[in-house]
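Visitor: Structure here, sequence nowhere to be found:
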C-alpha cells in the first residue's frame, strides 16, 4: 500500500497549475521535445516508470537498452494519458495531436 501511496503523491505533485509538468499546455510547441515526457516520468516518478517497464518487458529484457529505447514512444503516450486523466489541464500531448 505504501508504494501505491508514493506513486499517487508523486503524480499529485505534477498537478499544480502552470508550473508543475511538461504536459501543461502553456508551453511553446516549437520547443516541445518528446524526450522531455520520459525525462519527467523517470525523474519525478521512477516507481511508476519501473512498474510500466516491468509490465511491458519480459524479465530478461529489463536491463537491456534497446528494448527500453524501443518502448519510449509508448511510455510517453501512456504517461501523458494517465496524467491527463488525473488532471485534465495536463493535455499538451493531446493538443499537439490536434494541431
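Guide: Yes, it's here. From a predicted model like this one, the values you see are computed outputs, not experimental measurements. Residues are numbered from 1 along each chain as shown.
Visitor: where does residue 33 land on pLDDT?
Guide: For residue 33, the pLDDT comes out at 80.
Visitor: How about residue 97?
Guide: The model's pLDDT for residue 97 equals 53.
Visitor: which sections of the protein are below the confidence cut-off?
Guide: 1, 17-19, 25-29, 90, 92-99 (pLDDT under 70).
Visitor: which residue of it sits farthest from its center?
Guide: residue 60 (23.5 Å; C-alpha atoms, centre = their mean).
Visitor: Of all the residues in stretch 53-72, which ones are buried?
Guide: Residues of stretch 53-72 classed as buried: 53, 57, 68, 71 (neighbour count, 16 or more other C-beta atoms under 10 Å). Where you see a C-beta, it was placed from the backbone N, CA and C, and this is true even at glycine.
Visitor: which of those residues lies closest to residue 32?
Guide: Lowest distance from residue 32 to the buried residues of stretch 53-72 (C-beta to C-beta) belongs to residue 71, with 20.3 Å.
Visitor: in what helix or strand does that closest one lie?
Guide: helix 65-86 (DSSP states H and E).
Visitor: Can you tell me which helices and strands that helix packs against?
Guide: helix 2-12, helix 34-44, helix 46-56, helix 92-98 (3 or more C-beta pairs under 8 Å, 6 or more residues apart in numbering; DSSP states H and E).
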